[in-house]
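1. Using only what follows, build the 3D model:
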Amino acid sequence: MVDRPSLPYDPPDGFSQFSGEFDGDDSFGRDQDTVNQATTPREFRRLENLYDDCINYWDDMLGELRSYLQSNRRADDSIVAVVGDHGEAFGERVLFRNPARGHNTIPHDEQTHVPFVLKTPSTDGGVHDEIVSLIDVPYTLLRAADADPEFLSGQGSVVWEPGVVSGHEFVFSRTQSRRRGPAFTSVRSTDRKLISVDPPDWSFENLKNHLREMVGYRLLVDDEMLYHVDKDPRETENRINEDTEIASELRGELDLSYEECRQLRSDQSNEFQNGVETEQLEALGYQM
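-> Residues are numbered from 1 along each chain as shown. Now for the predicted structure:
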């Protein structure tokens, strides 16, 4: 099993195509402590180069998998999917008075725009820009394997099948780096994105141990952010006070998504209580 490119950024020996020319300590960025020390553009370029070398290693491993499938005459009838679970920030913006790094913070595109590469016996190649979501992956893979995804209970859908590529009008995300911090929820269309900030847990325990940090969250982060991602792809200009009608429309979509999630959780809880999921898990060999 090959680990995913993520913090800390420590590519294996032999993979230094991007990071080999750093004019500093070669250990910088290869552990969590030095990642947290990055503050300058030069240091963030170092982190990004190490990250790219980790991806380069993954690409090499995928090449070996492809060669194996071809040598065993299984390439034509195999389904291969490459999906990123999240992106990564490398100081593109300031968060809580510090350069943003890593993931699980405000869901700007550098953290949420990830690849979905799919190869099946029926794919005909090409690049598509439809908006899809990670929750679409299991539905799409099942359909690609000629299986019926209808038994899945969720908000995903099939976004590819032979001859047809489809996307969503809106996609959603939710991130929270630590339980004591705020949660960030976003809704995105092809040209707009609304980010809503849910307040942190103001429990006595959190206030007692993390008062300064929690007050900082409240003072340093806007409650809502609205971006024209078609004209402002780096999401630098918050238009929440100017484009009130668009913001209201996107809030409505977020509310609908919240309600669907609550209903799904309720339905799944009832299924488990009724023994449906218990029977399915026991059939797979789990001891309940």
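2. Helix, strand, or coil at Gly87?
-> Three-state call for Gly87 (DSSP: H, G, I helix; E, B strand; the rest coil): coil.
3. Local confidence estimate at it?
-> Listed pLDDT for Gly87 reads 92.
4. Now do the same for the nearest residue to it once chain neighbours are set aside: its pLDDT.
-> Excluding its sequence neighbours, the residue lying closest to Gly87 (Cβ to Cβ, 6 or more residues apart in numbering) is Gln111, at 4.5 Å. In this view, the C-beta of every residue, glycine as well, is placed from N, C-alpha and C. Looking at Gln111, its pLDDT is 92.
5. tell me the SS of Gln111?
-> Assignment for Gln111 (three-state DSSP): helix.
6. thought it was touching Leu95?
-> No: the criterion here is Cβ atoms under 8 Å, and Gln111 misses it with Leu95 at 10.9 Å.
7. Report the set of residues contacting both of these two.
-> Thr105 (Cβ atoms under 8 Å, 6 or more residues apart in numbering).
8. out of the two, which sits in the more crowded spot?
-> Each of Gln111 and Leu95 has its neighbours counted (other Cβ atoms under 10 Å); Gln111 has more, 22 against 17.
9. tell me the contacts of the more buried one?
-> His86, Gly87, Glu88, Ala89, His103, Asn104, Thr105, Thr175.
10. I'd like the distance between the third one and Leu142.
-> Glu88 sits at a distance of 29 Å from Leu142 (criterion: Cβ to Cβ, to the nearest Å).
11. the more surrounded of those two?
-> Glu88 (19 against 16).
12. Now do the contacts for the more buried one.
-> Ser6, Tyr51, Gly102, His103, Glu110, Gln111.
13. again, but for Glu235
-> Going by Cβ under 8 Å, 6+ apart, Glu235 touches Arg93, His108, Asp109, Lys193, Met225, Tyr227, Val229.
14. Could you look up the SS state of the first one?
-> Going by three-state DSSP, the secondary structure assigned to Arg93 is strand.
15. what's the neighbour count on it?
-> 14.
16. Got phi/psi on the closest residue to it other than its chain neighbours?
-> With sequence-adjacent residues excluded and distances taken as Cβ to Cβ, 6+ apart, Arg93 is closest to Ala100, at 5.3 Å. The phi and psi values for Ala100, taken as degrees, to the nearest 10, are phi -70, psi 140.
17. cool, and Ala145?
-> Torsion angles, degrees, to the nearest 10, at Ala145: phi -90, psi 10.
18. right, and it touches Ser78 too?
-> No: under the criterion of Cβ under 8 Å, Ala145 makes no contact with Ser78, lying 10.5 Å away.
19. need the contact list for the spatially most central residue of the chain.
-> Centroid-nearest residue in the chain: His86, 2.9 Å away (criterion: Cα atoms, centre = their mean). Going by Cβ under 8 Å, 6+ apart, His86 touches His103, Asn104, Gln111, Thr112, Val114.
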